[in-house]
Every structure is written in C-alpha cells, then in structure tokens.
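>>> sharing a model that was predicted from the sequence below.
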Amino acid sequence: MTLNTQREKDPLQRRGSTPIPPAHFYKHLSWTRDPRPPGSTQPDPEQPRLQRRHPPLGQSASYHPGDKSLHYHTHWSSDSDDDSQSDSDCVYRVVLLGDHGVGKTSLAGIFAGITEKDEHPGEDTYERTLTVDGEETTLIVMDTWEKDKLQVEDASSQDDCLKVGSAYVIVYSITDRSTFDSAAELRITLRRTRQAENIPIILVGNKSDLVRSREVAVEEGRACAVVFDCKFIETSASLHHNVAELFEGVVRQIRLRQDNNEASQQRRSIYKRKESLTQKARRFLDQLVARKNQRMAVKVRSKSCHDLAVL
Ligand SMILES: Nc1nc2c(ncn2[C@@H]2O[C@H](COP(=O)(O)OP(=O)(O)OP(=O)(O)O)[C@@H](O)[C@H]2O)c(=O)[nH]1
C-alpha cells in the first residue's frame, strides 16, 4: 500500500485532475452538489448515487438542511476526475484512533450520515464537505485504526495512520478505564511520530449517555487533555450528542493552526528583517517570563481545552 504522505503539513489541494489516494483506503461517502438545476425531475446522470437526503450532522451545524441540491452518495474514487465532487479546495484527513468498541465507527457513521447500522459494511473512510462558520471544508474521516495490528504483521499500515492525518481524534469510552489509559498511550505515540508538527488532536470521551457505568470522570478527561496539550470533548454517538460539535471543532482547530502557522511565519520573516538589539533583549525577557508563567498557562489551558473554537 502506498500512501500519499506529501500533505503532512499542507492541506491536500485536490483539483479535478488530481487523483485521490488509493481505493481501498479511500472508499468515499460524500456530500456532493447535484449538477442538475434545483427542482429538476430528470434522473441524475451520475452513478452510483443514493438518491436520498443526508440527515444533518447536528442542529448547530451550518450545513444546508433545506438545500435540495445536496445529495448523499457513495463512490469509488481512486482515479477521480470528478470536478463536481466538492466545492471546497481544502481536503483534510482526520484519523480516528482508539481501542476496540469505544465508538469510532459509530462516530464516523454519524459524520457520514449513515442511519442504518449495516448500511455500508466494510466502509472505513468517509468524506464529507462541511460548511463551518460560512466556509466549506472537506474532511476525509479514516476509521482504519486497528490497535492489535500495531505490533504484528500490518504494523506499517497502522504506522501510516499515524503519519497521514491532518488531525487526530483519539476516542475512549467513559465506561472503560482501560480505553482511557490506551488513549493516553496513543497520544504519546502520536507525539513521537509527529514530533515537530502542530497538528490538532482531540481527545473524545464517548458513551456519555451511559451515566451509571461511568468509570472515567469528565474532570479526568479534561486533565488528561491539559497534560497532553490537546482538546477535549465528551460525546454520545447513541444520542448524537456533541458529534456535530466534534467534527466542526476539528475543522476549526485545523483552520486556527493554519492561521497561526501563517501568522507566525510572517512574524518571523518581519522579525528577521527588522529586529533591533533592544527588541531581541525584550523578546528574551518575554520568553523568561513566559517560562515562569507556565503554571499559569496550564490553568488557562485547562479552562480552554474543552473549547474547540479556540487554540
Ligand atoms: N451506549 C452507547 N453505545 C455506543 C456509543 N457509541 C458506540 N456504542 C456502541 O458500542 C459498540 C462499539 O461501537 P463501534 O462504533 O463499533 O466501536 P469501534 O471503536 O468502531 O470498535 P472497533 O470497530 O472494534 O474498533 C457498538 O455496539 C455501538 O453501538 C455511545 O455513545 N453510547
């Protein structure tokens, strides 16, 4: 299996002529604009396409629930040159990580709008274009992680999972402490694999509906996120609670980091040109103060780790 890892830092800029990555990894389920005029009764020329409405991911999502021109469809796209596929130029891979049974597939299914359990058996990669804060972004959600394979024969494909993501969602079940421990280990593994990169990682405590079987407190999840410098949210795939917020949050985190990277690059180049000795001294002092205030920063982070709309 050859994975396109060229986009580890930059978003995949998919044009009509750009093939999307290997078929078995990219069996897409996607939102696509119907090329027919609104209200048309003509059959849709594009096949295969499931002619039905895609259920909204969540009430707060800024999709287009009333837009009849949007259709949910499946397609195999290893050699796609379908320009109508997405209006968005930015495509990001989001990799779901976590132990067996924590709810990864259920969360991915809600993202993809799969309403019946066995509707798409074997599917493990889903694509959907979301409009978040008025801007379109396409996410390819990969549910390909299999923890057991990390040590055995297919370790390379698991390794690839850790390398190709533009963002990571690490899921544990709030009813199973061992999955929480695994989530922490996964965070460490990720840190090792993607050391220098500022990629969004969201820790997700799923099955929040199972209140009586809870083994991991919300505070523990939040504390873990603070320690491991990632975002945190609790979800219930069963109740569709916070699932839209999760994927919208992923989009926001990707954008925020991009903006931040661009801004700091600009700042650095301006600094290089203009920085005087006094400024250098001031920057040095600032860094010293910042280090002293690290404990303060942890406090601030602990307040914001559950807010997926800020860095
Ligand atoms: N009560 C409850 N059950 C859930 C929730 N999410 C998933 N489940 C159930 O947990 C079981 C496992 O869910 P999956 O989505 O298959 O979990 P997974 O992480 O994909 O598991 P693997 O495919 O084995 O890695 C299924 O029976 C789901 O119905 C949830 O939020 N609440």
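Right, received. Where do you want to start? Numbering: from 1, shown residues only.

>>> okay, CA-based contacts and neighbour counts for the rest of this
Fine.

>>> which residues of the stretch 151-300 of the chain lie near the ligand?
Counting by Cα under 6 Å from any ligand atom, the stretch 151-300 of the chain comes close to the ligand at 206-207, 209-210, 236-238.

>>> at 8 Å instead, please
Along the stretch 151-300 of the chain, the residues adjacent to the ligand under the rule Cα under 8 Å from any ligand atom are 171, 206-210, 235-240.

>>> just the buried residues of these.
For these, a burial check counting by 16 or more other Cα atoms under 10 Å picks out 171, 206-209, 235-238, 240.

>>> give me the residues contacting stretch 205-220.
Applying Cα atoms under 8 Å, 6 or more residues apart in numbering, the external contacts of stretch 205-220 come out as 102-103, 171-177, 180, 221, 232-239.

>>> measure that stretch end to end?
For stretch 205-220, the first-to-last residue distance is 10 Å (Cα to Cα, to the nearest Å).

>>> kindly report the same for stretch 208-226.
Start-to-end span of stretch 208-226 (Cα to Cα) is 20 Å.

>>> equivalent analysis for stretch 192-202, please.
With Cα to Cα as the measure, the ends of stretch 192-202 fall 17 Å from one another.

>>> packing partners of the helix or strand residue 182 falls within?
Secondary structure from DSSP states H and E places residue 182 in helix 177-193. Judged by 3 or more Cα pairs under 8 Å, 6 or more residues apart in numbering; DSSP states H and E, helix 177-193 is in contact with strand 90-98, helix 155-164, strand 167-173.

>>> between it and strand 167-173, how many degrees?
Calculated by axes from the mean of the first three to the mean of the last three Cα atoms, to 10 degrees, helix 177-193 forms an angle of 160 degrees with strand 167-173.

>>> show me what secondary structure element comes after helix 177-193.
Proceeding N to C from helix 177-193, the next assigned helix or strand is strand 201-206, under DSSP H and E.

>>> that next one vs helix 177-193, what angle?
Angle, strand 201-206 to helix 177-193, by the same axes, to 10 degrees: 170 degrees.

>>> what pairs with strand 201-206, and is each one parallel or antiparallel?
Sheet pairing here is set by DSSP bridges, and for strand 201-206 it gives strand 167-173 (parallel), strand 231-234 (parallel).

>>> output the shortest one in PDB, but only the C-alpha positions, please.
This points to strand 231-234. The C-alpha trace of strand 231-234 is given here as PDB (Å, rounded to 0.1, in the frame of the first residue of the first chain):
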ATOM      1  CA  LYS A 231      -8.700  19.400  23.000                       C
ATOM      2  CA  PHE A 232     -11.300  17.500  24.900                       C
ATOM      3  CA  ILE A 233     -15.000  16.800  24.400                       C
ATOM      4  CA  GLU A 234     -17.400  14.100  25.600                       C
END
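
>>> buried ones in it?
For strand 231-234, by 16+ other Cα under 10 Å, it's 231-234.

>>> let me see the mean pLDDT of that strand.
Mean per-residue pLDDT for strand 231-234: 97.

>>> what do you get for the longest one?
Along strand 167-173, the predicted confidence averages to a pLDDT of 97.
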